[in-house]
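# Predicted structure and sequence below. I'll ask about it afterward.
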Amino acid sequence: MRITGISIFDYVIIIAYVLVILTTGWIFSRRNKNSDQYFTARSRVPGWVAGFSLMATLISSMSFLATPGFAFKENWRYIPTNFLFMAAAVMGIHIFMPIFRRSKITSSYEYLERRFGSWARVYAAIGYVMMQSVRLGLIAYTVSLPLQLLTGLPIPAIIILVGLVVSTYTIIGGLEGVIWTDMIQGIGLILGGLICLPVVLHGIPGGFSQLIHTAYQDGKMSMGSFKFSLTQITFWVMIFPAVFNQLWCVEQTTIQRYVAPKTEKAARGAIWTGVLTTIPVWVYFTFLGTALYVFYKFNATPGINEMVPEQVLPFFILTKVPAGLLGIVIIGLLAAAQSSMAGSMNASASIVVNDFYRRFFIKGKSDRHYLKASKWFSALFGCVMIGLALLIHYMRTMTLQDLGNLLNSILSSGIFGLFALGVLTKRVTSKPTFIATLCTVVLVVIWLVLDANSPAAKAWLPHKFWMTILANIFLFSTASLLSLFFRKSDGKSLANLTLKTLEPELGEEHQA
């Protein structure tokens, strides 16, 4: 199906936006002289820009399309988990950010190696790269849905085209280019989202009050059942695992943004700027999905209920938003996807180069060599993104919101427990942590196999959304218990690696 009605002026706006993004990437490519500058942009980015970039990275096409799509089909059960990002911000500001900045660490997995050994670095880095690869595929697929409505092109062709555009400016610009294009894209996605709600309200008899009344009456503002259950998706299965699922404060995309500002004060401001702009945007897009449900209840449209949920907002945009404004909304949609894809691609390439390529395979080469390798690995993740998006297109079986949350829970199992052991304890050393991690991985694999192949076991096993909390608690508790049977120290220096051994912050004149 193809939707017409986009004007020449809208096309001009979209083309101008793409040219600005590509030009920004080219401008900053000239400032990258080595791989460290390419991946960290250390001390070269203002705190408020880094914070806005963090927001644009966290707000992906999953938020612009999947969040309202889920609210249109289901309810508000993801709303409470959004506010838990504030807890992650507090952890990032008071625990992880000081440790990473004062240790001059460029990746969270370098920290795990200093604390527990190379095995921890490899394990966590592989999990992160897998998680980001899946995320890239999900986002690329999501943004292809509205573009298919607009152009009539096959979704696979759109996935390839979008992947090539994002890969181009990410490869040439490095992190600094990504951060500044994120700022442009962040403005675009907010403007695009804000244009939609007034148009929706204009089409609902009774306006805002009717929207609230109908949504509440139909259960669309529900946050799920408050019954405690381990086997069903209730309010509690969203809240408790989400507490342990806030890995973004130690994700490479976040670390890159709080080591980029010159001072810790600016880095703290970057984190709060990112969080306090992200949460309202998530809530807004959830409400927008509910508003679309009410709109189409009063404006019956053939085929709307048969659409993929993530296509409902694009369908509305392309059929109801006036020409001229339509171009801005489409820019917002593209910006939401591109900012997240670029950040994930750059961060994933950073992990591969610093945690694998330079560390284990090609040692002692020049900075120019590693800079070139960095760009090649960024290109590789562009190909991975396209491939996984095509796979999701042909194999998808659930809403993208639930699919993303499920995969994130599985791939991040136990990793937060590793970081918690590292920063909160001094006694726990490498050996008990390795044993606990190995046991955790084995149990998670057994859980997944039973859940997939044994209906009897699936009836009593906890829902897979619980995997994050149970895996992290098990790893932390087991390692702490095992540490009682090992030496208190393995001889490694813990300076700036735990809260108890964190050295005082340097003055701003030393940091700059």
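Nice, I can see it.
# so where's the stretch 351-500 of the chain uncertain?
Scanning the stretch 351-500 of the chain with the threshold set as pLDDT under 70 gives 367, 396-413, 465, 488-491.
# All the helices of it, in order from the start?
Under the criterion DSSP state H, counting those that start in this stretch, the stretch 351-500 of the chain contains helices at 367-395, 400-411, 415-424, 430-453, 455-460, 467-482.
# Now tabulate those helices in a markdown table and tack on distance to Ala300 and mean neighbour count.
No exception for glycine: its C-beta is placed from N, CA and C like everyone else's. Output for the helices of the stretch 351-500 of the chain, formatted as a markdown table (distance: least, CB to CB, whole Å; neighbours: other CB atoms under 10 Å):
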| stretch | distance to Ala300 | mean neighbour count |
| --- | --- | --- |
| helix 367-395 | 29 | 18 |
| helix 400-411 | 25 | 20 |
| helix 415-424 | 46 | 24 |
| helix 430-453 | 40 | 16 |
| helix 455-460 | 39 | 10 |
| helix 467-482 | 41 | 21 |
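# possible to save the ones you listed as a markdown table with distance to Leu149?
As requested, the helices of the stretch 351-500 of the chain are exported to a markdown table (distance: least, CB to CB, whole Å):
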| stretch | distance to Leu149 |
| --- | --- |
| helix 367-395 | 15 |
| helix 400-411 | 16 |
| helix 415-424 | 37 |
| helix 430-453 | 34 |
| helix 455-460 | 37 |
| helix 467-482 | 35 |
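# Quick one: closest of the ones you listed to Lys73.
helix 400-411 (9.2 Å; CB to CB).
# Buried ones in whatever helix or strand Ser144 lives in, by neighbour count?
The secondary structure element spanning Ser144 is helix 118-151 (assigned by DSSP states H and E). Burial within helix 118-151, assessed by neighbour count using 16 or more other CB atoms under 10 Å, is assigned to 120-125, 127-129, 131-150.
# how far does it sit from the chain's center?
Relative to the centre of its chain, helix 118-151 is centred 9 Å away, using CA atoms, centre = their mean, to the nearest Å.
# what angle sits between that helix and helix 367-395?
Orientation note: helix 118-151 sits at an angle of 60 degrees relative to helix 367-395 (axes from the mean of the first three to the mean of the last three CA atoms, to 10 degrees).
# Helix 415-424 and helix 118-151, what's the angle between them?
Our comparison of helix 118-151 with helix 415-424, counting by the same axes, to 10 degrees, yields an angle of 130 degrees.
# Let me know which of the helices of the stretch 351-500 of the chain is the nearest to Asn496.
When the helices of the stretch 351-500 of the chain are ranked by proximity to Asn496 (CB to CB), helix 415-424 comes first, at 10.5 Å.
# who does the closest one touch, helix- and strand-wise?
The elements that helix 415-424 packs onto, with contact taken as 3 or more CB pairs under 8 Å, 6 or more residues apart in numbering; DSSP states H and E, are helix 108-116, helix 118-151, helix 430-453, helix 467-482.
# try 10 Å
Counting by 3 or more CB pairs under 10 Å, 6 or more residues apart in numbering; DSSP states H and E, the packing neighbours recorded for helix 415-424 are helix 85-91, helix 97-102, helix 108-116, helix 118-151, helix 235-244, helix 430-453, helix 467-482.
# export these to CSV and tack on distance to Ala267?
Formatted as CSV, the entries for those read as follows, by distance: least, CB to CB, whole Å:
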stretch, distance to Ala267
helix 85-91, 12
helix 97-102, 6
helix 108-116, 15
helix 118-151, 21
helix 235-244, 24
helix 430-453, 28
helix 467-482, 26
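# So for Val329, which of those helices sits nearest?
Put simply, out of the helices and strands packed on helix 415-424 the one that sits nearest Val329 is helix 118-151, at 9.7 Å, with distance taken as CB to CB.
# pLDDT averaged over the closest one, what's the number?
Summarised as a single mean, pLDDT over helix 118-151 is 79.
# Then stretch 92-110?
The pLDDT scores in stretch 92-110 average 76.
# buried residues in it?
92-93, 95-103, 105-110.
# mind checking which helix or strand Ile204 is in?
Taking DSSP H and E as the definition, one finds Ile204 inside no helix or strand.
# Now do the same contact list for the spatially closest residue to Ala291 that is not a sequence neighbour.
Using CB to CB, 6 or more residues apart in numbering and skipping the chain neighbours, the partner closest in space to Ala291 is Val200 (4.6 Å). The contact partners of Val200, by CB atoms under 10 Å, 6 or more residues apart in numbering, come to 207, 211, 287-288, 290-292, 294-296, 299, 313, 316, 320-321.
# and of those residues, the nearest to Ala459?
Distance ranking of these against Ala459, using CB to CB, places Thr290 first at 33.1 Å.
# Next one: the closest one from Phe356, what distance?
Relative to Phe356, Thr290 is positioned 44 Å away (criterion: CB to CB, to the nearest Å).
# Pull up the per-residue confidence for the residue nearest to Ala291.
We note a pLDDT of 90 for Val200 in this prediction.
# Same question for Tyr169.
At Tyr169, the pLDDT value in this model is 61.
# Asn472 reaches Ile415, doesn't it?
Yes. Between Asn472 and Ile415 a contact is recorded at 7.9 Å, counting by CB atoms under 10 Å.
# follow-up on the earlier one: between helix 108-116 and the helix holding Ser144, find me the angle.
160 degrees.
# Can you check what angle separates helix 118-151 from helix 430-453?
For helix 118-151 and helix 430-453, the angle between their directions (the same axes, to 10 degrees) works out to 40 degrees.
# so where does the residue nearest to Ala291 fall, helix or strand?
Element membership of Val200 [criterion: DSSP H and E] is helix 155-202.
# Also Ser222?
Assigned by DSSP H and E, Ser222 falls outside every helix and strand.
# quick one, what contacts it?
Taking CB under 10 Å, 6+ apart as the definition, contacts of Ser222 comprise 74-77, 215-216, 235.
# per-residue confidence for it?
Predicted confidence (pLDDT) at Ser222: the value is 80.
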